[in-house]
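S.K.: 3D model of this:
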Amino acid sequence: MERANPAAIALLMAAIVDYLIGDPWNWPHPVQAMGWIISHCTHLAINYLKEWWQRRLAGIILGVGLILGSGFVGWLLVRVATWLHPFLGIVIEIVLLASCFAARSLRIAAIDVLTPLTSGDLQLARTKLSQYVGRDTTQLSETEILRALLETVAENTPDGVTAPLFYAIIGAFFPSVGSVPLALAYKAASTLDSMVGYRREPYTDLGWFVAQLEDRLTWLPCRLTVLTLALISRQPRRVLQICRRDAIKDPSPNSGWSECAYAAILGVQLGGTNIYSGVVKHKPLLGDPLNPITSEQIDLALQLTRHCFLIWLAIAISVISYQ
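M.R.: From the prediction side, this is the model:
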C-alpha cells in the first residue's frame with residue numbers, strides 16, 4: 001500500500017463503483033448537463049442559422065467549447081476538492097470517472113430488453129428496445145430484436161466502455177492533467193456525436209465536425225478493443241481475418257470493426273436491413289451466420305466486454321502503480 005498510486009486507486013475504485021452501482025436513475029450525471037447544453041445550442045442553431053457555413057461554424061464552436069469545457073470543469077472540480085481535503089479530491093475523482101464508464105449501464109439495457117423478450121412479451125421488448133436504438137422497432141421480430149440488441153452491445157462497447165477507460169488511463173500518466181478531464185472530454189465528444197452527428201438534415205452541417213472528431217478519437221481505442229477481443233477468443237487470426245474482410249464494408253470507421261469482432265467470435269452475422277424513421281437502410285453483412293443469435297450469446301457478448309475492460313484496467317493499474 002505504501003507504493004499505491006492515487007491515480008491507480010481512482011481507476012480501480014471507479015470501475016468497482018460502476019460495476020456495483022452504475023448510473024442510478026434520478027441522480028445527477030455529467031451527460032445530463034452535456035445533453036442540456038447540446039440540446040439548447042442545437043435548437044438555437046437550427047432556428048436562427050440558415051446558411052450551411054453558419055451551422056458548420058456553430059458545430060465547430062459547440063464541439064470545441066463543450067469538449068474543452070467538460071475537461072476543464074472536471075479538472076477544476078477535482079483540484080478544488082483536493083485543495084479542501086485530499087480524501088474529498090479522490091472521492092470526486094472516483095465519482096466522475098465512474099460516470100464515464102458505462103459497462104453496467106450497457107448490461108442493464110440488455111437485460112431490460114431481454115427480460116420481456118424471454119417471457120414472450122414481444123411488444124414490451126420492442127418498446128424497451130426503442131429506448132436504446134435509433135431504428136424503428138414497432139414491427140421487429142424476435143430475431144431482429146436480438147440482432148439489434150447484440151449490435152447495440154458491440155457498437156457501444158468502444159465508445160461507451162473501453163474508449164473512456166483508454167483516455168482515463170492516458171490522463172493517469174500525466175498528474176497535472178489527471179484521468180477525469182480526458183475521460184469527460186471524450187464523453188462530451190461521444191455525447192455530441194450521438195445527439196447531432198447525423199448525415200441528415202438538420203444535422204448535416206451542424207454535426208459534421210463532431211462526427212469527424214469522434215470517429216478519430218475512437219479510432220485507436222476501437223482497434224485496441226478489437227485486438228483484445230480477438231486475443232480473448234483464442235482465435236485471433238480467424239477473428240481478425242473476418243474483420244479485415246467485412247468491417248471495411250461498413251461506412252462507419254469504428255462500429256463496423258467492433259460489431260464484426262463480436263460477430264466473428266460468436267459465429268453470428270450482424271447487419272442487414274433496418275428502418276430509420278420510415279426510411280429503409282441496408283447495412284453490410286458482418287460475419288458468417290454459423291449460429292443463430294440468442295439471449296445466451298448476448299450474455300456472452302457482455303462478458304467479452306467486461307473481460308476486455310478488466311484486462312485494460314489490470315494492465316493500466318500495474319503500470320501506473322510502478323512507474
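
S.K.: pull stretch 186-200 out as CSV, backbone CA atoms only.
M.R.: Extracted C-alpha coordinates of stretch 186-200, given in CSV (Å, rounded to 0.1, in the frame of the first residue of the first chain):
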residue,chain,number,x,y,z
TYR,A,186,-14.1,12.1,-24.6
LYS,A,187,-17.6,11.6,-23.1
ALA,A,188,-18.6,15.0,-24.3
ALA,A,189,-17.4,14.2,-27.8
SER,A,190,-19.3,10.9,-27.7
THR,A,191,-22.5,12.6,-26.4
LEU,A,192,-22.2,15.3,-29.2
ASP,A,193,-21.9,12.6,-31.8
SER,A,194,-24.9,10.7,-30.5
MET,A,195,-27.1,13.8,-30.5
VAL,A,196,-26.1,15.8,-33.6
GLY,A,197,-23.6,13.7,-35.5
TYR,A,198,-26.0,12.6,-38.2
ARG,A,199,-25.8,12.7,-42.0
ARG,A,200,-29.3,14.0,-42.4
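
S.K.: any idea how far that stretch is from the chain center?
M.R.: Computed by Cα atoms, centre = their mean, to the nearest Å, the separation of stretch 186-200 from the middle of its chain amounts to 11 Å.

S.K.: list the buried residues in that stretch.
M.R.: 186-198 (16 or more other Cβ atoms under 10 Å). Using the backbone N, CA and C atoms, a C-beta is placed for each residue, glycine as well.

S.K.: so which of those sits lowest on pLDDT?
M.R.: Note: of these, the lowest pLDDT belongs to Y198, at 88.

S.K.: can you give me phi and psi for that one?
M.R.: With angles defined as degrees, to the nearest 10, Y198 sits at phi -110, psi 150.

S.K.: who touches it in this structure?
M.R.: T204, G207, A211 (Cβ atoms under 8 Å, 6 or more residues apart in numbering).

S.K.: same question for T228.
M.R.: C308, I311, W312.

S.K.: neighbour-wise, give me the winner out of those.
M.R.: C308 (25 neighbours; other Cβ atoms under 10 Å).

S.K.: so which of the contacts of T228 comes closest to P221?
M.R.: W312 (9.3 Å; Cβ to Cβ).

S.K.: so the closest one is in which element?
M.R.: Assigned by DSSP states H and E, W312 belongs to helix 295-321.

S.K.: closest one of the contacts of T228 to V95?
M.R.: W312 (20.5 Å).

S.K.: can you report how many residues lie near I90?
M.R.: Taking other Cβ under 10 Å as the criterion, the count of residues near I90 is 18.

S.K.: where does it land in three-state SS?
M.R.: Three-state call for I90 (DSSP: H, G, I helix; E, B strand; the rest coil): helix.

S.K.: confirm for me that it is in contact with A10.
M.R.: Yes - in this structure, I90 is within contact of A10 by Cβ atoms under 8 Å, at 5.8 Å.

S.K.: who's in contact with stretch 59-68?
M.R.: The contact list for stretch 59-68, computed with Cβ under 8 Å, 6+ apart, reads 34, 37-38, 41-42, 45, 185, 188-189, 192, 196, 205-210, 213.
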